[in-house]
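*Asks:* sequence plus predicted model, see below.
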Amino acid sequence: MANSQHALRVIATAIAIAVSCAAAEASVSSGLLLIFADIFNPDFAAGSIRRVEPSGAGLIDLVPTGGGLRGLDADPVGGKVYWTDVDNFVIRRANLDGSGVEDLVTRGLAFPSAIALDLAAGKMYWGDQTNEEIRRANFDGSENEFVLATPFHRGIDVDWVNGKVYWSTSQTQFKGEIRRANLDGTNVETVVTSLDAQFKPADIALDIAGGRVYWTDFVVDVVRRANLNGTGIQNLFLVGANINPRGIALDLDAGHVYWGQDIDFIGTTGKIMRMNLDGTNQQNAVVGLGLVNSIALRPADPCPADLTDDRVVDGADLGLLLLDWNVADSPADLNGDGVVNGEDLGNLLLAWGRCGS
């Protein structure tokens, strides 16, 4: 039963992504907010998870974390933000408003530098630089399990449509690759490599429908992309010596890349920049920050019935609601009475169509 429910959830979410990609609009941001890790601000002992509009307006602090904050990811449907802390050797989560901080993984961590969520399966994946491994667990931290051994660097992302995890490696001080494997760690492949003397992808972001992987590289100080088979490497933004690009995220609906960009070579101030997916129209999005080490996106005005977070209420959302029928503590409990039932179904049908329309 669990396997069949997981398969239905994957199919439903994949349908939603297809609809979303087909309806992409060239707006500044498709109704999104940026959630990001702001570290070493105002000093090396400080850090916080913050939220801002793509215009730079509405900047607020969500969670004070200290300087150990490194990677984060957001679950808009579950209403949570997850992050790794390399000073306190812990993985935590909180509500998207910053309340309800929880410790999820507190043992076996040495330097957990990145985290990615598999929203379809309810799993979080993280990479540990010192332990040289990737692990995964349920969203509540249970069923913590080893996935694979690898010289992990700073980037990880999940392709839940095709059942793959992608990550960046550190082979030498100046050299690395992007690899992928099945979600259980089998069938490891190198997808992006280079013969250049210096080539070391850091944070990564996937455009699965477009067949590309995007990354920042703060060894050669550039933002790049390539086809998923490693061909067609393109320079999108040439930063300049020792001015590091950091976290990266994609708004595929609006056709934008967001990334954290250091301003000075000593690594004390930064900003968030934005450009089109092909590298054109580069501009500052949010200034006056510390070092933006990781970025995630979430809807600015999600409608509760949009369970797949594609800004439209349709059959994919209906499928997820039916999967959780009679389940307590579910996002599909739209009226908040503690169980998914006919009243929630009625609310979903009343919300049918594009969010905000």
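*Replies:* The structure has been received and is ready for your questions.
*Asks:* count the residues that sit near the residue nearest to Val239 when sequence neighbours are not counted.
*Replies:* Distances taken as CB to CB, 6 or more residues apart in numbering place Asp221 nearest to Val239, at 4.0 Å, with adjacent residues excluded. C-beta coordinates here come from the backbone N, C-alpha and C atoms, glycine included. Using other CB atoms under 10 Å, Asp221 has 20 other residues around it.
*Asks:* which residues are in contact with Asp221?
*Replies:* Neighbouring residues of Asp221 by CB atoms under 8 Å, 6 or more residues apart in numbering: Leu238, Val239, Gly240, Ala241, Asn242, Ile243, Asn244, Pro245.
*Asks:* swap in 10 Å and give it another go.
*Replies:* Counting by CB atoms under 10 Å, 6 or more residues apart in numbering, Asp221 makes contact with 198, 237-245, 261-262, 265.
*Asks:* with Gly247 instead?
*Replies:* Gly247 touches 34, 36-37, 70-72, 114, 154-155, 202-203, 205, 216, 258-261, 270, 272, 291-296, counting by CB under 10 Å, 6+ apart.
*Asks:* against Thr231, how distant is it?
*Replies:* In this view, Gly247 and Thr231 are 25 Å apart by CB to CB, to the nearest Å.
*Asks:* okay, now Val339: neighbour count?
*Replies:* Val339, neighbours per other CB under 10 Å, totals 16.
*Asks:* burial measure for the closest residue to it other than its chain neighbours, as a count.
*Replies:* Counting by CB to CB, 6+ apart, Ala328 is the residue found nearest to Val339 once chain neighbours are left out, at 5.5 Å. Neighbour count of Ala328, defined by other CB under 10 Å: 10.
*Asks:* swap in Trp352?
*Replies:* Neighbours of Trp352 using other CB under 10 Å come to 13.
*Asks:* for it, what are its contacts?
*Replies:* So Trp352 contacts Ala305, Val312, Val313, Asp314, Gly315, Asp317, Leu318 (CB under 10 Å, 6+ apart).
*Asks:* and the residue nearest to Val239, how far from Phe265?
*Replies:* Taken as CB to CB, the span from Asp221 to Phe265 is 10 Å.
*Asks:* on that earlier part again, for the contacts of Asp221, work out which two are farthest apart.
*Replies:* Within the contacts of Asp221, two members stand farthest from each other by CB to CB: Gln198 and Gln261, at 19.2 Å.
*Asks:* roughly how far apart are the nearest residue to Glu102 once chain neighbours are set aside and Ser99?
*Replies:* Distances taken as CB to CB, 6+ apart place Arg93 nearest to Glu102, at 5.4 Å, with adjacent residues excluded. Arg93 sits 11 Å away from Ser99, going by CB to CB.
*Asks:* of those two, who's got more company?
*Replies:* Per other CB under 10 Å, whichever of Arg93 and Ser99 has more neighbours is Arg93, with 25 against 9.
*Asks:* perfect, that will be all.
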